[in-house]
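> Okay, predicted coordinates and the sequence, questions at the end:
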Number of protein chains: 2
Amino acid sequence: MRLAEMHLNDFIQTLSSDAPAPGGGSAAALIGAMGAGLSAMVACLTQGRKKYAEYADFAAVVEKEAKALQFKFLDVMDRDTEAFNLVSAAFALPRETDEQKQARSAAIQAGLKACTSTPLECMELCDEAIALCFDFLESGFNASSASDLGVAFLSLKAAMQSAWLNVLINLASLKDLAFAEAYRARGEALMERAIPLADAGYEQILGMLKD
Amino acid sequence: MRLAEMHLNDFIQTLSSDAPAPGGGSAAALIGAMGAGLSAMVACLTQGRKKYAEYADFAAVVEKEAKALQFKFLDVMDRDTEAFNLVSAAFALPRETDEQKQARSAAIQAGLKACTSTPLECMELCDEAIALCFDFLESGFNASSASDLGVAFLSLKAAMQSAWLNVLINLASLKDLAFAEAYRARGEALMERAIPLADAGYEQILGMLKD
């Protein structure tokens, strides 16, 4: 069953069980989906309001893009758990003959690459979503939903940092060092670009609400 | 229907719709539930392993407490949406006579107090969960789940900051200034205690994974 088809209660119970997947990687993607979803909600609540008429056109763009991102996050959530299950299955392969050992090791490495690339995809989605939220913040939105847009920034930042931890933990076991270095560099670049933007968005909203 | 009984897909779609609830407050509580759930998972994966035998007793405590917190977060998730719906219903009350105006205003203020106290409860749960995760980090855990414990810290921090934004946005509309000031002080104290602990936990795990 796809995770997105589970009841929330069951998902949270499976997350907290001794099954290692779904774990932090799928949780990161779900938190990202919530961040994108909240920005879509604020975009919906900005349209069709006289007071915010001048922001409506861009809000429509935000709604559409945020909903597309939300869909992609949910897809990554499932693929992250699938990738983890690949590695677990690979570890369970027989290792009696040299051929078996080689096949097992290759299967583990292929699984670990999948476990590295899905959280990196999650980071790319967070990067896009954070940039979208920031443009939306600058262009103007329904101020009575300011806290919701703030939660979007916070969720997307947490999702990105969480996905990064999942990239890092897998990099250490990869034998393909060129692949590992390329992913490390991509992850670092994404973090450097998106985290300061998410922080700035959150601080701006915190400032609006504290005054 | 309780939110926790929804399918994940439907929950995320409702979140992103033009219905203002569930919004950032319920999202904060769900992210908190995920953080507590992940720490329970790491606690499960620390028990029954020879290599981590010395950590097993405290891991059993963490599992039990984290699962109790997770349950409370899911309850707050529902109550946050209910509180919001109370305020919406109050705004829709008639306001033709003076009596009606007074009754409507009182109902709005009562609803806003509920909308302030549920996210503050969420902050209290985050504070407890962050302290629990930090004790677990210090006592020792299954290192192959380090990223999951890191995601727990990140989720709980995001949930706490998100809940705080929800406290702040409602404080501004409260007429009971003593109530407002008391909640502001409680929220600030919780932030000051828990956020640096969550940051320290995340940094420690990031350090483990980067080396």
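Yes, it's here.
> Would you tell me which helix is longest in chain A?
helix A:98-139 (DSSP state H).
> Please state the offset of that helix from the chain centre?
Relative to the centre of its chain, helix A:98-139 is centred 9 Å away, using CA atoms, centre = their mean, to the nearest Å.
> So for stretch A:5-21, what gets flagged as buried?
A:6-16, A:19-21 (16 or more other CB atoms under 10 Å in any protein chain shown). Every C-beta, even on glycine, is put in place using the N, C-alpha and C of the backbone.
> can you check stretch A:90-103 too?
Buried-residue list, stretch A:90-103, by 16+ other CB under 10 Å: residue A:90.
> So for the longest helix of chain A, mean pLDDT?
Throughout helix A:98-139, pLDDT has a mean value of 97.
> Give me the helices and strands touching that helix, please.
helix A:24-46, helix A:56-91, helix A:146-171, helix A:177-210 (3 or more CB pairs under 8 Å, 6 or more residues apart in numbering or on different chains; DSSP states H and E).
> and of the ones you listed, who's closest to residue B:117?
helix A:146-171 (15.3 Å; CB to CB).
> is chain B contacted by that closest one?
Yes. Judged by CB under 8 Å from any CB of the partner chain, helix A:146-171 comes into contact with chain B through A:146-148, A:150-152, A:154-155, A:157-158, A:161-162, A:165-166, A:168-169.
> Could you list every helix and strand that that helix packs against?
helix A:24-46, helix A:98-139, helix A:177-210, helix B:24-46, helix B:146-171, helix B:177-210.
> Tell me which of these lies nearest to residue B:96.
Here helix B:146-171 is closest among the helices and strands packed on helix A:146-171 (CB to CB), at 26.8 Å.
> what angle sits between the closest one and helix B:56-91?
Interaxial angle of helix B:146-171 relative to helix B:56-91 (axes from the mean of the first three to the mean of the last three CA atoms, to 10 degrees): 30 degrees.
> For helix B:146-171, buried residues please.
B:146-171.
> and if you look at stretch A:102-115?
Neighbour counts using 16+ other CB under 10 Å place A:104, A:107, A:108, A:109, A:111, A:112, A:113, A:114, A:115 of stretch A:102-115 among the buried residues.
> Next: stretch A:37-53.
By neighbour count on 16+ other CB under 10 Å, the buried set for stretch A:37-53 is A:37, A:38, A:39, A:40, A:41, A:42, A:43, A:44, A:45, A:46, A:47, A:52.
> which helices and strands does the one helix or strand in chain A whose mean pLDDT sits lowest pack with?
Between all helices and strands in chain A, the lowest mean by mean pLDDT, DSSP states H and E belongs to helix A:8-15, at a mean of 93. Applying 3+ CB pairs under 8 Å, 6+ apart, one finds that helix A:8-15 contacts helix B:8-15, helix B:24-46, helix B:56-91.
> And these: which comes nearest residue A:193?
Comparing these by CB to CB, helix B:24-46 comes nearest, at 23.1 Å.
> hmm, that closest one in reach of chain A?
Yes. Using CB under 8 Å from any CB, helix B:24-46 reaches chain A at B:24-25, B:27-28, B:30-31, B:33-34, B:36-38, B:40-41, B:44-45.
> other SSEs contacting that helix?
helix A:8-15, helix A:24-46, helix A:146-171, helix B:56-91, helix B:98-139, helix B:146-171.
> Using JSON lines, please lay out the ones you listed together with distance to residue B:202.
Output for the helices and strands packed on helix B:24-46, formatted as JSON lines (distance: least, CB to CB, whole Å):
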{"stretch": "helix A:8-15", "distance to residue B:202": "19"}
{"stretch": "helix A:24-46", "distance to residue B:202": "12"}
{"stretch": "helix A:146-171", "distance to residue B:202": "7"}
{"stretch": "helix B:56-91", "distance to residue B:202": "17"}
{"stretch": "helix B:98-139", "distance to residue B:202": "10"}
{"stretch": "helix B:146-171", "distance to residue B:202": "5"}
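> What about residue A:64, how many residues nearby?
By other CB atoms under 10 Å in any protein chain shown, 12 other residues sit near residue A:64.
> what's the distance between it and residue A:145?
Separation of residue A:64 from residue A:145 (CB to CB, to the nearest Å) stands at 18 Å.
> give the contact list for the residue lying closest to residue A:168 once chain neighbours are set aside.
Among residues not flanking residue A:168 along the chain, residue B:209 sits closest, at 4.1 Å (CB to CB, 6 or more residues apart in numbering or on different chains). Applying CB atoms under 8 Å, 6 or more residues apart in numbering or on different chains, we find residue B:209 in contact with A:165, A:168, A:169, A:172, B:146, B:147, B:150.
> Might you report the residue contacts of the second one?
The contact partners of residue A:168, by CB under 8 Å, 6+ apart, come to A:184, A:187, B:147, B:206, B:209, B:210.
> Please repeat the previous calculation with a cut-off of 10 Å.
By CB atoms under 10 Å, 6 or more residues apart in numbering or on different chains, the residues touching residue A:168 are A:116, A:119, A:183-184, A:187, B:146-147, B:150, B:205-206, B:208-211.
> tell me the pLDDT at the residue nearest to residue A:168?
As predicted, residue B:209 sits at a pLDDT of 96.
> Let me see the confidence value for residue A:32.
Note for residue A:32: predicted pLDDT of 98.
> What's the local residue count around it?
Quick note: residue A:32 (other CB under 10 Å) scores 31 neighbours.
> Without its sequence neighbours, what residue ends up closest to it?
Excluding the flanking residues, the one nearest residue A:32 by CB to CB, 6+ apart is residue A:159, at 3.6 Å.
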